[in-house]
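Peer 1: Got a predicted structure here, sequence first:
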Amino acid sequence: MTVWYSSDSHFRHKMVAGLRGFDSIDEHDQVLVDNWNAVVKPDDFVWHLGDVGLGNELGVLACASHLNGRKHLITGNHDPCWPGHRDSRKRQRLWLDYFESVQAYAKTRIEGRTVLLSHLPYLGAGDHTAEERHSLFRLSDQGEWLVHGHLHSPERLTGPRSVHVGLDAWGLHPVAEGAIAALIRDIEEKRAA
């Protein structure tokens, strides 16, 4: 079993599909599903770090249902079950039909290190818009590594202890935990030298 990370699939999101160079939402969504299923096996463990899609909730979830793996969702600001939305608690039950867990944040271990998981980067780390948004829902950097999404950037390292797993940083594919561990090791070794 492999552990995978991803975020910002943005199924059914016309603007993002266009920014990614697709002529249609359907083409965009199919490429994402194909890319995902080319690497993620049905029994693999997947952390999806939010922004599954935008628009018709059932259409978004229908796309997510075609993704391989045992999927766990860290909610993003575009997901109706994200706690920043009023009445998000009413949406969580539906999302649990498609994801094994749905939560705002999580903590895991990668090669013995504690790693935090959030859709948003650390407080003060910026945004993909002119101003940093959603500060109430951003974690503060207390010295732990953070794996996050949200930025729609090709940058994989976004701070002194931050790894961005958005699809735009990984060629529209999920990233294996081993690749994240290698990035973290590389940074720590350079700092120790």
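Peer 2: Alright, I've got the coordinates.
Peer 1: what does the lowest-mean-pLDDT helix or strand in the chain rub up against?
Peer 2: Lowest on mean pLDDT, DSSP states H and E among the helices and strands of the chain sits strand 157-159, with a mean of 91. Contact partners of strand 157-159, identified using CB atoms under 8 Å, 6 or more residues apart in numbering, comprise 121-122, 125-126, 141, 146, 148, 151, 163-164, 183, 187. Bear in mind the C-beta positions are built from the backbone N, C-alpha and C, glycine included.
Peer 1: any idea of the mean pLDDT in the helix or strand following that strand?
Peer 2: Tracing the chain past strand 157-159, the next element assigned as helix or strand by DSSP states H and E is strand 162-164. In this model, strand 162-164 has a mean pLDDT of 97.
Peer 1: And the very next helix or strand once past strand 162-164, what does it pack against?
Peer 2: Scanning forward in sequence from strand 162-164 by DSSP H and E, the next helix or strand is strand 175-176. Under the contact definition 3 or more CB pairs under 8 Å, 6 or more residues apart in numbering; DSSP states H and E, strand 175-176 sits against strand 3-6.
Peer 1: Can you name the next helix or strand after the strand it packs on?
Peer 2: Read in the C-terminal direction, the helix or strand following strand 3-6 is helix 14-19, with elements assigned using DSSP H and E.
Peer 1: Pull out the buried positions in that next one.
Peer 2: Judged by neighbour count using 16 or more other CB atoms under 10 Å, the buried positions of helix 14-19 are 16-17.
Peer 1: wouldn't residue 119 be in contact with residue 78 here?
Peer 2: No: using CB atoms under 8 Å, residue 119 is not in contact with residue 78; the gap is 9.1 Å.
Peer 1: Can you tell me which of the contacts of strand 157-159 is nearest residue 89?
Peer 2: Out of the contacts of strand 157-159, the one with the shortest distance to residue 89 is residue 148. That distance is 23.2 Å, counting by CB to CB.
Peer 1: Identify the residues contacting the closest one.
Peer 2: If you count contacts by CB under 8 Å, 6+ apart, residue 148 has them with 7, 49, 117-122, 158, 162-165.
Peer 1: where along the chain do the strands fall?
Peer 2: In order along the chain, the chain carries the following strands (DSSP state E): 3-6, 45-48, 70-74, 101-103, 105-110, 113-118, 145-148, 157-159, 162-164, 175-176.
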